[in-house]
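Asks: here is a sequence together with a model predicted from it:
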Amino acid sequence: MTDFTHSPAANAAAPSAAPQRNWSQLALRWLLFALLGAFALFYLMPLFVMVTTSLKSLDEIRTGSLISLPRDVTFDAWRTAWSSTCTGVQCEGLRPYFWNSVLMTVPAVLLATMLGAMNGYVIAQWRFKGANLIFSLMLFGCFIPFQVVLLPMARMLGIMGLAGSIPGLIVVHVIYGIGFTTLFFRNYYVTIPAELTKAAKVDGAGFFRIFWSIFLPLSLPIVVVTVIWQFTNIWNDFLFGVSFSQAGTQPVTVALNNIVNSTTGVKEYNVDMAAAIIAALPTLLVYVVAGKYFIRGLTAGSVKG
Amino acid sequence: MTEWLERHMPKMVLAPSFVAILIFVYGFIFWTAWVSFTRSKLLPKYEIKGLIQYERLFASPRWDTAMDNLFIFGVLFIVISMVLGLLLAILLDQKIRAEGALRTIYLYPMALSMIVTGTAWKWIMNPGLGIEATVRGWGFENFAFDWVVNPDRAIYAVVIAAVWQASGFVMALFLAGLRGVDEEIIKAAQVDGIPTWRIYSAIIIPSMAPIFLSAFIVLAHLAIKSFDLVIALTGGGPGYATDLPATYMYAMAFSRGDIGQAASSAMVMMGVVFAIVVPYLYSELRAKHD
């Protein structure tokens, strides 16, 4: 109820406004809350259904309703999803693929972020002839639909001896991540006055020294934004994962899809849902803990070129 | 020597990334373009044969379906996400106490993998046990919601899931835009007694034109690249009913062994993306130089 007093219209209106007007204000305010609440339900419903379904037994799923709470909470589906459900021929659950994703994502994020930081530093602070063209070419690369590089990339990974391997996927993610990470750092470093670099140069500091002792200490926010952006993208990637992996090296998204869309045996919806939540947990966790930076990455990655 | 090194260090640091982009982006686009003019089938051939792959592509009913679907999906996805995003942003902009929490709720789907989104909605919209069965259980025996398995409706099921995932993001863009509008102008309008809806429709929304453009670019880009969501939700089916260019390309490249078709369809996709993105990037870069 106290929210009502925050209404800008209510504040603006004279205290002696007609009571009629207040009633319509109040009704509008309630309508507003009803709408906001209804939308919140819409966005939360799938998550709610996933969690409750994953805690039910198959019998209860078949006889009960989609939106009912589980009568007997059981974690069997979670155990199965983690360690024994079948992704095609193998039946080791999601666990090995989860670790594949970790092994792929962590190095790829770190490498792409480091390269992006150095590139952004050069483009923003050490302008040379052609630097702008290089930046435009990199930026342009962010927008290509990856379908256009899938075929030659598959051949190239074969030539490099990395076909179907996790290092191969790391290479792919780093290369196609550089554009965005460079963009993030460049846009951040461009706001740091060039006089700072000039003064440091006069004092005899070199290229790496300036980066190390001036720019890096200022970079924490943009590093966080970039790492989160890269982590979310690479962890959630499916196209590269499904194109360039083979049995045993698949990332978790590919394994999840194999579990859900396998046509053999009884459909275990509770296991599907538990597996989906497991695959989503790392990025959800990052979002809950560092949502502010996540949003900043989203808007930086899309709004400004 | 060290002086030379110091002078050229910036270029040397940038060089590996630049070379990588040249090869892996531009070289690869060139390769795909080249192969799209050949008779490549299971293995690439490099002898140019003209437009034969494009002729095959445009004669293919499956590609036709994919392009139709892209159009239906793209238009609905972009329009609904924008309208919903703007509406949510305006609602949230009314000095709501729980704004932070609501924003978090509206936006969290964007942190999920499309495969997760597809899996969840496939289950929810599953006619046997999902929404349909639930509503029937409430006594509405004739209620039907079989979009995921109905060839004429399946693409709309994909729209629902995609809107659910991306509309919160559009909301965040618009909300940032609303907060950027000059407070003084709004206050002046309020003092003049202009009703709130007029303030929005005549002052605030027109001033957010650049954000509409950004949101459109991002959503169009997402729509053209849509692949994982369709794979997880419908697998491109029933039949080819929800095929999109991206799934067509993937099927040709990795299950049909038709490299020529894969390459030409990828080139068409890139053409569509560039038709949308290039004017935008061009105007952005030019605006910066002025």
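Replies: Structure's in. What do you need?
Asks: every contact and neighbour count from this point should use C-alpha atoms.
Replies: Fine.
Asks: and the residue of the stretch 101-250 of chain B found nearest chain A, how many neighbours?
Replies: The nearest approach of the stretch 101-250 of chain B to chain A comes at B:S113, 4.5 Å away (C-alpha to the nearest C-alpha). For B:S113, the count of nearby residues is 26 (other C-alpha atoms under 10 Å in any protein chain shown).
Asks: what's it sitting at in phi/psi?
Replies: With angles defined as degrees, to the nearest 10, B:S113 sits at phi -70, psi 140.
Asks: that one is in contact with A:I278, isn't it?
Replies: No: counting by C-alpha atoms under 8 Å, B:S113 stays clear of A:I278, with 11.4 Å between them.
Asks: can you pull the pLDDT of the residue of the stretch 101-250 of chain B closest to chain A?
Replies: On the pLDDT scale, B:S113 is placed at 93.
Asks: helix, strand or coil for A:V149?
Replies: Secondary structure, DSSP: H, G, I helix; E, B strand; the rest coil: A:V149 is helix.
Asks: now it. Nearest residue, chain neighbours left out?
Replies: Leaving aside its sequence neighbours, A:V149 sits nearest to B:F28 (C-alpha to C-alpha, 6 or more residues apart in numbering or on different chains; 5.5 Å).
Asks: can you tell me the centre-most residue of the chain?
Replies: Just so you know, I chose chain A. Centroid-nearest residue in chain A, with C-alpha atoms, centre = their mean: A:T232, separated by 2.3 Å.
Asks: oops, wrong one, chain B.
Replies: Residue closest to the average C-alpha location in chain B (C-alpha atoms, centre = their mean): B:L222, at 1.3 Å.
Asks: helix or strand: which one has that one?
Replies: Element membership for B:L222 (DSSP states H and E) is helix B:209-225.
Asks: and residue 197, how many neighbours?
Replies: This is for chain A. 20.
Asks: my bad, the chain I had in mind was chain B
Replies: A total of 10 residues lie near B:W197 under the criterion other C-alpha under 10 Å.
Asks: same question for the one 5 residues further on.
Replies: Per other C-alpha under 10 Å, the neighbour tally for B:A202 reads 11.
Asks: do the same with B:V149
Replies: Neighbours of B:V149 (other C-alpha under 10 Å): 20.
Asks: nearest spatial neighbour of the residue in chain A positioned nearest to chain B, skipping sequence neighbours?
Replies: Closest contact between chain A and chain B, by C-alpha to the nearest C-alpha, is at A:N236 (4.5 Å). Closest residue to A:N236 apart from its sequence neighbours, by C-alpha to C-alpha, 6+ apart: B:S113 at 4.5 Å.
Asks: and that neighbour, what does it touch?
Replies: For B:S113, the contacting residues are A:W235, A:N236, A:D237, A:T253, A:A280, by C-alpha atoms under 8 Å, 6 or more residues apart in numbering or on different chains.
Asks: relative to B:R62, how far out is it?
Replies: From B:S113 across to B:R62, the span is 27 Å (C-alpha to C-alpha, to the nearest Å).
Asks: then B:G235?
Replies: 14 Å.
Asks: same question for B:G50.
Replies: B:G50 is 22 Å from B:R62, where distance means C-alpha to C-alpha.
Asks: circling back to that earlier point, what is the helix holding B:L222 packed up against?
Replies: With contacts defined as 3 or more C-alpha pairs under 8 Å, 6 or more residues apart in numbering or on different chains; DSSP states H and E, the packing partners of helix B:209-225 are helix A:269-302, helix B:61-92, helix B:154-180, helix B:245-250, helix B:259-289.
Asks: this completes my enquiry, with thanks.
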